[in-house]
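Visitor: the amino acid sequence is not available; the structure is as follows:
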């Protein structure tokens, strides 16, 4: 787990050392990476890396095709009045009904 906030350099490290080898081994890079609209995902550093490695990903701000954004929307609606502001995203995720995750 992370000891501090993840930035674009840390995310690129994850892409390079973990995600790319996995995509090559399991899918021969014939897949689409679905990310949420976090700024590190759209950073020039990471976009250039994904482009260089021919990894396709969903465009930013595409909630209609990005299931993660739909899930976050449902999660926020479901929990907006039930949780404290300092609740972690993981804690929120665990409260979401399974049916919403499977949609």
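Guide: Okay, I see it. Fair warning: this is a prediction, and the values are worked out from it, not measured in the lab.

Visitor: the strands in this structure, which residues?
Guide: For the chain, applying DSSP state E gives strands covering 32-33, 56-57.

Visitor: would you map the helices across the chain?
Guide: 8-14, 20-27, 44-52, 67-79, 89-95, 98-102 (DSSP state H).

Visitor: among those helices, which gets the worst mean confidence?
Guide: Among the helices of the chain, helix 98-102 carries the lowest mean pLDDT, at a mean of 48.

Visitor: include mean neighbour count, mean pLDDT and distance to residue 6 when you put the strands of the chain into JSON lines, please.
Guide: Glycine gets a C-beta too; all of them are placed from N, C-alpha and C. Output for the strands of the chain, formatted as JSON lines (neighbours: other Cβ atoms under 10 Å; pLDDT from 0 to 100; distance: least, Cβ to Cβ, whole Å):
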{"stretch": "strand 32-33", "mean neighbour count": "12", "mean pLDDT": "88", "distance to residue 6": "16"}
{"stretch": "strand 56-57", "mean neighbour count": "14", "mean pLDDT": "88", "distance to residue 6": "17"}
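
Visitor: would a markdown table of those with distance to residue 13 be doable?
Guide: What follows is these, written out as a markdown table (distance: least, Cβ to Cβ, whole Å):
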| stretch | distance to residue 13 |
| --- | --- |
| strand 32-33 | 16 |
| strand 56-57 | 17 |
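
Visitor: of all these, which one is nearest residue 43?
Guide: Minimum separation from residue 43 across the strands of the chain (Cβ to Cβ) falls at strand 56-57, 12.5 Å.

Visitor: in its sheet, what does the closest one sit against?
Guide: If you go by DSSP bridges, strand 56-57 pairs up with strand 32-33 (parallel).

Visitor: show me the contact partners of the strand it pairs with.
Guide: 19, 23, 50, 55-58 (Cβ atoms under 8 Å, 6 or more residues apart in numbering).

Visitor: now for residue 38: which residues touch it?
Guide: Counting by Cβ under 8 Å, 6+ apart, residue 38 has no contacts.
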